[in-house]
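[1] A structural model of the following input is requested.
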Amino acid sequence: MDGIGSYFQNYVSNTLAGTGCQLLTNSGGVQTGIAFYRVFAGGKYGYSFLFSNTADSTFSDGSLSRAGETGKPWKIYGMQAYVTGAPVPDRDVRQVRALTFGGAAQKTVRSGEWFATDEAVFDVKETEYLAVKITYEGERLPVHPENLLPCYRQEGGAFVADTMIPVPSMVGCGRRAKKRIAFWGDSITQGIGTERDSYAHYAAVAAKKLGTEYAFWDIGIGYGRAQDAAGGGTWMKKALQSDLLFVCFGVNDILFGRSAEEVKRDLLTVTGTLRAAGKEVVLQTVPPFDWADEKREIWKAVNGDILENPQKYADHVFDDRPFIGAGEDFSRSPYGAHPNAEGCARWGNALCDFIAREKIL
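    Predicted coordinates:
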């Protein structure tokens, strides 16, 4: 991992927000953006914000950017972070820290580069936010348009809501955690279907219940596919930094035309790569998505093989379908194809019950 050395030895994720590089796009000149993260574990810690200049997943049909595509060089003219009680730009601003890169206030990011800010110390309560403000410019730089963070871009003298800004891949915190846990999947794992800034998606529900002795990194991204994850690129490298992973893929693979055999093969590649590296893996069944006709049959075939051969796929298999699905085969989505807060509460709590029953933690 170019440029970050021992980063993952020193920092763990300290937000339950979905993070990652979803799309490469042009800035359209010099811009200033700001994103607000709720912290997971409150307290006084050193923070370092990790970035990568590579698209983790394929966006939509791949016409805009694809998994593994590297961004072009881009420029950071300045960054700062501060603590606030409300996700509103430049209001209730406290503990302002200029963020630097090897002591420098500016940085030219290389194509495909991983990089992190120098450490800055913040004392943040669990009810507060860390705001990350960045002034930047470039072509084909990484953004996460479907993130659920309160995000803004400066336009004239005011800030307007806009998610098309560079955001960290990890809000890295120098605290000690009993275990590093990742949730890896698509938009459902990221939290699409729940309200912006609600932290009500199933991964956040489960993490809150499991508690702050653990660290959680949500690397779910909209449009994410098992096919992308199996590619062994930046996204897989991120996943390999965790000890325990909850993996949930397959919806977008089926939607974009993969066969049952192709989906099964990609899932086996993903979980096999993780297990070969000594990671503990919980594979979740492909969720309900109001499946019909041929796609429903593909979905049933993939889940049938996972449930019939759990040890082939993972250390543990969690069947999410009974908690968020309906109908004889659970293929319908009463809580929405992207589960809403009610559906995610059912899923997250059931997942925690499964973790306790299987003695995973």
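[2] what stretches of the chain score poorly on pLDDT?
    2-3 (pLDDT under 70).
[3] if I look at the residue nearest to the spatial centre of it, how far off is residue 24?
    For the chain, residue 219 is the residue whose C-alpha lies nearest the centre (CA atoms, centre = their mean; 2.4 Å). From residue 219 over to residue 24 the distance is 17 Å, taken as CB to CB, to the nearest Å. Where you see a C-beta, it was placed from the backbone N, CA and C, and this is true even at glycine.
[4] what's the answer for residue 50, then?
    With distances taken as CB to CB, residue 50 is found 18 Å from residue 24.
[5] Which strand or helix spans the closest residue to residue 136 other than its chain neighbours?
    Nearest non-adjacent residue to residue 136, counting by CB to CB, 6 or more residues apart in numbering: residue 76, 5.3 Å away. Using DSSP states H and E, residue 76 maps to strand 74-84.
[6] again with residue 181
    strand 180-185.
[7] That strand - contacts with which helices or strands?
    Applying 3 or more CB pairs under 8 Å, 6 or more residues apart in numbering; DSSP states H and E, one finds that strand 180-185 makes contact with helix 202-210, strand 215-218, helix 234-239, strand 244-248.
[8] Throw the ones you listed into TSV and include mean neighbour count, thanks.
    Formatted as TSV, the helices and strands packed on strand 180-185 follow (neighbours: other CB atoms under 10 Å):
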stretch	mean neighbour count
helix 202-210	23
strand 215-218	26
helix 234-239	22
strand 244-248	25
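[9] To residue 284, which of the ones you listed lies closest?
    Nearest of these to residue 284, taken as CB to CB: strand 244-248 at 4.1 Å.
[10] Now the phi/psi pair for the closest residue to residue 249 other than its chain neighbours, please.
    Of all residues not flanking residue 249 in the chain, residue 226 sits nearest, at 3.8 Å (CB to CB, 6+ apart). Per-residue torsions, residue 226: phi -60, psi -40 (degrees, to the nearest 10).
[11] Contacts only, for residue 226.
    Residue 226 makes contacts with 249, 250, 253, 263, 266, 267, 269, 270, as judged by CB atoms under 8 Å, 6 or more residues apart in numbering.
[12] now swap in residue 80 and tell me
    96, 97, 98, 99, 133.
[13] and what of residue 340?
    By CB under 8 Å, 6+ apart, the residues touching residue 340 are 193, 194.
[14] Can you tell me how far residue 199 is from residue 350?
    For residue 199, the distance to residue 350 - CB to CB - is 18 Å.
[15] Just list whatever residues bridge to residue 173.
    Counting by DSSP bridges, residue 173 forms beta bridges with residue 12, residue 47.
[16] I am assuming residue 34 contacts residue 130, so please confirm or correct that.
    No: if you go by CB atoms under 8 Å, residue 34 and residue 130 don't touch, sitting 11.0 Å apart.
[17] Strands along the stretch 251-361 of the chain, start to end?
    Listed in chain order, the strands found in the stretch 251-361 of the chain under DSSP state E, counting those that start in this stretch are 280-284, 316-318.
[18] can you redo those as JSON lines with mean neighbour count?
    Shown next, in JSON lines, are the strands of the stretch 251-361 of the chain (neighbours: other CB under 10 Å):
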{"stretch": "strand 280-284", "mean neighbour count": "22"}
{"stretch": "strand 316-318", "mean neighbour count": "21"}
